[in-house]
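Novice: sequence-free structure coming up:
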């Protein structure tokens, strides 16, 4: 068995270098998705795009095309920017 003293010695260093990032808000995730698509990326997982849209409060059917969902996310982000 190992010593607790040894692992306790490195815990402040571990906390300093291996911090967990705070989770992004729904709007921040949507902005990152739209920015990636604008740079030429293709969303490979339509379920993730639909989940982001649902987190924004949009009703998205499972069979909806990704392009239509992206346009609805863009509209939701533009409406949110007007209120900020």
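Specialist: Right, received. Where do you want to start? Bear in mind the structure is a predicted one, so any value in this text is a computation, not a measurement. Numbering: from 1, shown residues only.

Novice: give me the element residue 16 is part of.
Specialist: Residue 16 belongs to helix 4-17 when assigned by DSSP states H and E.

Novice: Dead centre of this structure: give me the residue that sits there.
Specialist: To find the centre residue of the chain, average its C-alpha atoms and take the closest one (Cα atoms, centre = their mean): that gives residue 29, at 3.4 Å.

Novice: how close does it sit to residue 8?
Specialist: Using Cβ to Cβ, to the nearest Å, one obtains 36 Å as the distance from residue 29 to residue 8. Where C-beta positions appear, they are placed from N, C-alpha and C, glycine not excepted.

Novice: what residues does the helix holding residue 16 touch?
Specialist: With contact meaning Cβ atoms under 8 Å, 6 or more residues apart in numbering, helix 4-17 is reached by no other residue.

Novice: Would you tell me what the next helix or strand after it is?
Specialist: Following helix 4-17 in sequence order, the next helix or strand is helix 26-38 (DSSP H and E).

Novice: Contacts for the next helix or strand after that next one, please.
Specialist: The helix or strand immediately downstream of helix 26-38 is helix 46-55, counting by DSSP H and E. If you take Cβ under 8 Å, 6+ apart as the criterion, helix 46-55 is touched by 26, 29-30, 33, 43, 60, 62, 64, 66, 69-70, 72-73, 76.

Novice: Show me what counts as buried in helix 46-55.
Specialist: By neighbour count with 16 or more other Cβ atoms under 10 Å, helix 46-55 contains the buried residues 49-50, 52-53.

Novice: Out of the residues you listed, which comes closest to residue 82?
Specialist: Using Cβ to Cβ, residue 53 is the member of the buried residues of helix 46-55 that lies nearest residue 82, at 18.7 Å.

Novice: Please identify which helix or strand holds the residue nearest to the closest one when sequence neighbours are not counted.
Specialist: For residue 53, the nearest residue in space outside its immediate sequence neighbours is residue 60; the separation is 4.7 Å by Cβ to Cβ, 6 or more residues apart in numbering. For residue 60, there is no host helix or strand (DSSP H and E).

Novice: doesn't residue 72 make contact with residue 60?
Specialist: Yes. Taking Cβ atoms under 8 Å as the definition, residue 60 is a contact partner of residue 72 at 7.4 Å.
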